[in-house]
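K.L.:
Got a sequence here, can you build the structure:
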Amino acid sequence: MIEKYEIILYWSDEDRVFIAEVPELPGCMAHGDSQETALSSIKQAITLWIDTAREFGDAIPQPKGHRLMFA
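P.N.:
Numbering: from 1, shown residues only. A predicted model of the protein is given here:
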């Protein structure tokens, strides 16, 4: 299920890193010096987000399966 969430990846001039975020999972973000590192980190962050939600009995949003935002 991890790979079905929309991931937004962008460069942050302020932080000088690539930022990856998952809009469907509030607060789920990661960063890296390269796009590949940021994507690898966000996959770990998604897993942690879901594990934490399960631990606390919080709802886990199902992936929408389509683009959520347009730039």
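K.L.:
L25 contacts Y5, correct?
P.N.:
Yes. Using CB atoms under 8 Å, L25 makes contact with Y5 at a distance of 6.6 Å. The C-beta positions use only the backbone N, C-alpha and C, and glycine is treated the same way.
K.L.:
shared neighbours of the two, which are they?
P.N.:
Counting by CB atoms under 8 Å, 6 or more residues apart in numbering, the shared contacts of L25 and Y5 are I46.
K.L.:
Between those two, which has more neighbouring residues?
P.N.:
Set L25 next to Y5 and count neighbours by other CB atoms under 10 Å: Y5 wins out with 22 against 19.
K.L.:
Tell me how far the more buried one lies from Q62.
P.N.:
Noted for Y5: a distance of 9 Å to Q62, by CB to CB, to the nearest Å.
K.L.:
where exactly do the strands run in the chain?
P.N.:
Per DSSP state E, the chain carries strands over the ranges 8-12, 17-21, 29-32.
K.L.:
Distance to T47 added to these, as TSV?
P.N.:
Compiled in TSV, the strands of the chain are given as follows (distance: least, CB to CB, whole Å):
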stretch	distance to T47
strand 8-12	18
strand 17-21	14
strand 29-32	11
